[in-house]
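>>> Fold the following, please.
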Amino acid sequence: RVCSILPVHPKTPNLLSYLTISTSFKMTSTVDNKSKIDCSKVYVKKSTFSNDDTGDFDGAFSVENIKEGTLIERGVVRRLPDGFDGNTCPYIFTWSEERPNKIWGMASGCAPFYNTCKEGTSNTKMTRDFKNDTFEIHAARDIEKDEELLHTYISLGWRTCFKELNDIVYADEAEEKKN
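Predicted coordinates for the structure are as follows:
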């Protein structure tokens, strides 16, 4: 099967409109070490966090039960042109260890649909290879079939486009500080 995913939102800056952003990839039933992109253990549907207050948005989910440490997905990242400001666009990835970040990328597969959570509570861990522009996502713990896949965005605490999201994720800690 061949899939095409367009992780674009109507409010995304015009720069993205002329970039090739759809990624076609072969989905396999087992992890194939020859394929650069494999998200066969993942599907996308409406997120369990989507509600009347947040509006509708999608999330990534497990196709099957996955054991801790198992490779869930691997893919490639295409770097965006110099000067692109990822602080204004939540649909792209921080793609360097440099701070402030100046390198941004668009990820293949289902990775753009993994929602975030508080550090230490995610069920996945993304490993980024900045040199080769690739990533792997592994299970941080055992994951049940149809469970939403979450990882903590490395830029959650400082990207301006994540300020509201960061406030939501850490709302309980802010409330504890008040009391």
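
>>> Which helix or which strand is home to residue 127?
Applying DSSP states H and E as the criterion places residue 127 in strand 124-129.

>>> Identify each buried residue in that strand, please.
124, 126, 128 (16 or more other CB atoms under 10 Å). Where C-beta positions appear, they are placed from N, C-alpha and C, glycine not excepted.

>>> what's the closest of those residues to residue 136?
Residue 136 lies nearest to residue 126 out of these, by CB to CB, at 7.3 Å.

>>> mind checking how far residue 102 is from residue 84?
9 Å (CB to CB, to the nearest Å).

>>> same question but for residue 97, I mixed them up
Relative to residue 84, residue 97 is positioned 18 Å away (CB to CB).

>>> which one of these two has more residues nearby?
A count of neighbours by other CB atoms under 10 Å puts residue 84 above the other of residue 97 and residue 84, at 19 against 10.

>>> ok, back up a step: check which helices and strands the strand holding residue 127 is in contact with.
If you count contacts as 3 or more CB pairs under 8 Å, 6 or more residues apart in numbering; DSSP states H and E, strand 124-129 packs onto strand 134-139.

>>> Now do the strand it packs on and strand 124-129, the angle between them.
160 degrees (axes from the mean of the first three to the mean of the last three CA atoms, to 10 degrees).

>>> how many other residues sit next to residue 154?
With other CB under 10 Å as criterion, residue 154 counts 17.

>>> nearest residue to it other than its sequence neighbours?
Closest residue in space to residue 154, ignoring its immediate chain neighbours: residue 94 at 5.6 Å, by CB to CB, 6 or more residues apart in numbering.

>>> count of residues packed around the one you found?
21.

>>> repeat for residue 70
By other CB under 10 Å, 15 other residues sit near residue 70.

>>> out of everything not next to it in sequence, what's closest to it?
Leaving aside its chain neighbours, residue 70 sits nearest to residue 139 (4.9 Å; criterion: CB to CB, 6+ apart).

>>> Ok, residue 115 next?
Setting aside the residues directly before and after it, residue 115 is nearest to residue 59 in space (CB to CB, 6+ apart), at 5.1 Å.

>>> Good, we can wrap up now.
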